[in-house]
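Enquirer: Need the 3D shape of this:
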Amino acid sequence: MPDEYQPPTAQPARHASLSPGLRLGLFLGAATAVIALLAALYVPKGPALAAFGDILQTLLVALAAGFSLHNAFRTRGGLRIFWFAFFVGSFFWTVSNTIWTIDEVWNRHEVPDLPIVDVLLFLKIVPLCAAALIAPDSERDPRFHAFGLLDVLILVVYSFFLFAFGVYAFHLLPGLRDLYNFYFNLADAIGNQFLAVCAAIAFLRSRGHWRTVHLLYFLGGACYALASNLANSAIDTGRYYTGSLYDTLLVVGEVALLCVALAGMDRQLHMAVASRDSCATSEIFGQQSFAASHLAMLVALSTPLLGLWSLSDSATPELRHFRLAVTLVTIALLTLLISIKQDFLTAGLIGSLASLSGTYRSIQRFKSHLAQSEKLTALGELVAQVAHQIKVCMTSILESSARLSSRPEAESRIQTMAGKIGQYAQRTDGLVENMLHFAQETPLRLAPVDVKPLLESALGLSRVAKIANVAVDLTQEGVCSPVRADSGQLLHVFLQLISNATDALAESNGGTLDISIREADSQIFIEFADSGPGLKEPSRVFEPFYTTKEVGKGTGMGLSTCYGIVQQHDGEISCRNRAEGGAAFTVTLPVAPSPASDSSATHTLLPEGVL
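Expert: Now for the predicted structure:
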């Protein structure tokens, strides 16, 4: 919907100011109340006054229902539940007033006696009380919004049962009209007082713009409760007629509730989410969930108990049969609603457990990466110091061996020995370079890099193509975004992974190496999957100096260096044994951000002298 929006995060409470729409509503409401008062004082009792009073009261609650339904469609979450519950209560009220108006104005029945009107007037209290207690100005988990609606529906069903069991049953028996009126007035008074109390609680715990709304809510509930009690007493004594002074206070209450619905039209109200910390919100939600669960349990237990009590009651058989039938129907409906709520709860718990399980696995991976990073950091500092010292020595040895080899008068045995010393010094110098890579002493030169061309370069530089019975397949799913990386360092990682896979396939007398590239969730996944013998200890392959190769063929620094480089690029590298055999290494790198002003073509940087 064009007007639909999500309530933002918590904002600090500010001084509440009335919106122009609410000011206009209050002004028109005050004018309406004055007109109703003048009509009650100066218009004589009759059809004209009855029609004016009935139409006015019906129009006020109908407007409240319409505006609250509009607000429900414009909001989400707890706000939507609040406005929907307010709409349901206003709708029941509108229907009861409409039926009363038709019977009094059209059928000319003064003070109509319609049980359906009494039922609707009683039932409307439940959603209106629920709306007051929902606390729409506080944030809550959206997964539990359905529970609020189910709780309201359970209370509506139970309230209908109580009314039918304790009040309407007396309307079915002849000669019990006065008893029916007494119990209806009692139930209606209790419900109206409860609405006023709920609105007062909501007002006391609200703040900001919502404090004004709940003040109007309390004013409307209190005026309606007082007006309803006075009108019921006047009806019993024969002093009530529509449009009288008894209705003036009722109109004031309806105007206040209409202003509540009008306040919901202001977008500023829905942005005024109460500033509550997470602990306080969790505590409030926990209290409400606890109360709702125990209330549902009380409803489920009290219904059959009331049915059993009706069997032992000394009332007439007709009354017992009616109460028993109402009890059985109510038990069936409550069982259905509680079962639905249990299904929602089970689904929510399963989802929560799955989420917690995923979070636990992420924490375990993070702990493993953190421990590995701490090891690499401590070891890298030591390696860097040692590597610098060795590099200085190797430079001196290389220079000395070169001078010995260049002397023409030196014996051939001495020249041969000097050449061997130079070769070993160069090999040691290469090992030192790997150690410096591991220590991350080489600064990164970051730039947007296309992964596939870099992998093609790594395959061209590697010896995998020279191994017999080895097939290499490089694939890419769709168009992948570039990554922000140092192409030289990333090329080193790819060469190391390809080299390890080549050694594994050579041990197996051939096989396949599948390299795949795909993009998902703003990340690039590069997988190196071979059909070799697999990994003996996958959890240790990234540890420094860990190797399964023969002495002299591996230093155990290659994959540790790769791990450090990938971490330096804010990425991840992982390994696993494949179910079909072989090993798989996955490198995950974040997609390079695309500046709005940067329209230059993506390029791949390679170290100097590679091609």
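Enquirer: how does the protein divide up, domain by domain?
Expert: The chain breaks down by automatic domain parsing into domains covering 20-152+167-277, 362-438, 447-590.
Enquirer: Serialize these to a markdown table and add fields for mean neighbour count and mean pLDDT.
Expert: No exception for glycine: its C-beta is placed from N, CA and C like everyone else's. What follows is these, written out as a markdown table (neighbours: other C-beta atoms under 10 Å; pLDDT from 0 to 100):
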| stretch | mean neighbour count | mean pLDDT |
| --- | --- | --- |
| domain 20-152+167-277 | 19 | 81 |
| domain 362-438 | 14 | 70 |
| domain 447-590 | 18 | 85 |
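Enquirer: Looking at the ones you listed, spot the one closest to residue 349.
Expert: domain 20-152+167-277 (10.3 Å; C-beta to C-beta).
Enquirer: Run the chain-centre distance for the closest one.
Expert: 33 Å (C-alpha atoms, centre = their mean, to the nearest Å).
Enquirer: Number the chain from 588, please
Expert: Sounds good: first residue 588 from here, last item domain 607-739+754-864.
Enquirer: Tell me where the stretch 938-1087 of the chain has strands.
Expert: 1034-1036, 1057-1063, 1070-1072 (DSSP state E, counting those that start in this stretch).
Enquirer: Can you convert the domains of the chain into CSV and add a column each for distance to residue 893?
Expert: Compiled in CSV, these are given as follows (distance: least, C-beta to C-beta, whole Å):
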stretch, distance to residue 893
domain 607-739+754-864, 12
domain 949-1025, 51
domain 1034-1177, 56
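Enquirer: Of all those domains, which one is nearest residue 926?
Expert: domain 607-739+754-864 (10.5 Å).
Enquirer: thinking again about what came up before, dump the strands of the stretch 938-1087 of the chain into TSV; add distance to residue 798 as well.
Expert: Output for these, formatted as TSV (distance: least, C-beta to C-beta, whole Å):
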stretch	distance to residue 798
strand 1034-1036	53
strand 1057-1063	59
strand 1070-1072	50
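Enquirer: and of those, who's closest to residue 1092?
Expert: strand 1057-1063 (5.1 Å).
Enquirer: quick one: strands adjacent to that closest one?
Expert: Each strand paired with strand 1057-1063, and its direction, by DSSP bridges: strand 1098-1107 (parallel).
Enquirer: and the very next helix or strand once past the partner strand, what does it pack onto?
Expert: Following strand 1098-1107 in sequence order, the next helix or strand is strand 1110-1117 (DSSP states H and E). If you count contacts as 3 or more C-beta pairs under 8 Å, 6 or more residues apart in numbering; DSSP states H and E, strand 1110-1117 packs onto helix 1038-1048, helix 1074-1094, strand 1098-1107, strand 1170-1177.
Enquirer: ok, and what's touching strand 1110-1117?
Expert: With contact meaning C-beta atoms under 8 Å, 6 or more residues apart in numbering, strand 1110-1117 is reached by 1038, 1042, 1067-1068, 1070, 1081, 1084-1085, 1088, 1091-1092, 1098-1106, 1165, 1169-1178.
Enquirer: That one vs helix 1038-1048, what angle?
Expert: 30 degrees (axes from the mean of the first three to the mean of the last three C-alpha atoms, to 10 degrees).
Enquirer: Give the partner strands of strand 1110-1117 in its sheet and their orientations.
Expert: Assessed with DSSP bridges, strand 1110-1117 is paired to strand 1098-1107 (antiparallel), strand 1170-1177 (antiparallel).
Enquirer: what's the angle between the shortest one and helix 1074-1094?
Expert: For strand 1170-1177 against helix 1074-1094, the angle by the same axes, to 10 degrees is 170 degrees.
Enquirer: just the helices in the stretch 838-987 of the chain please.
Expert: 854-858, 865-899, 904-993 (DSSP state H, counting those that start in this stretch).
Enquirer: rewinding a little: for the strands paired with strand 1110-1117, give me JSON lines that also has distance to residue 1131.
Expert: Shown next, in JSON lines, are the strands paired with strand 1110-1117 (distance: least, C-beta to C-beta, whole Å):
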{"stretch": "strand 1098-1107", "distance to residue 1131": "26"}
{"stretch": "strand 1170-1177", "distance to residue 1131": "17"}
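Enquirer: Report all helices and strands that the helix or strand harbouring residue 821 contacts.
Expert: Element membership for residue 821 (DSSP H and E) is helix 796-824. With contacts defined as 3+ C-beta pairs under 8 Å, 6+ apart, the packing partners of helix 796-824 are helix 712-720, helix 764-792, helix 832-850, helix 854-858.
Enquirer: a markdown table for the ones you listed, including distance to residue 922?
Expert: A markdown table is the format used below for these (distance: least, C-beta to C-beta, whole Å):
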| stretch | distance to residue 922 |
| --- | --- |
| helix 712-720 | 19 |
| helix 764-792 | 25 |
| helix 832-850 | 34 |
| helix 854-858 | 37 |
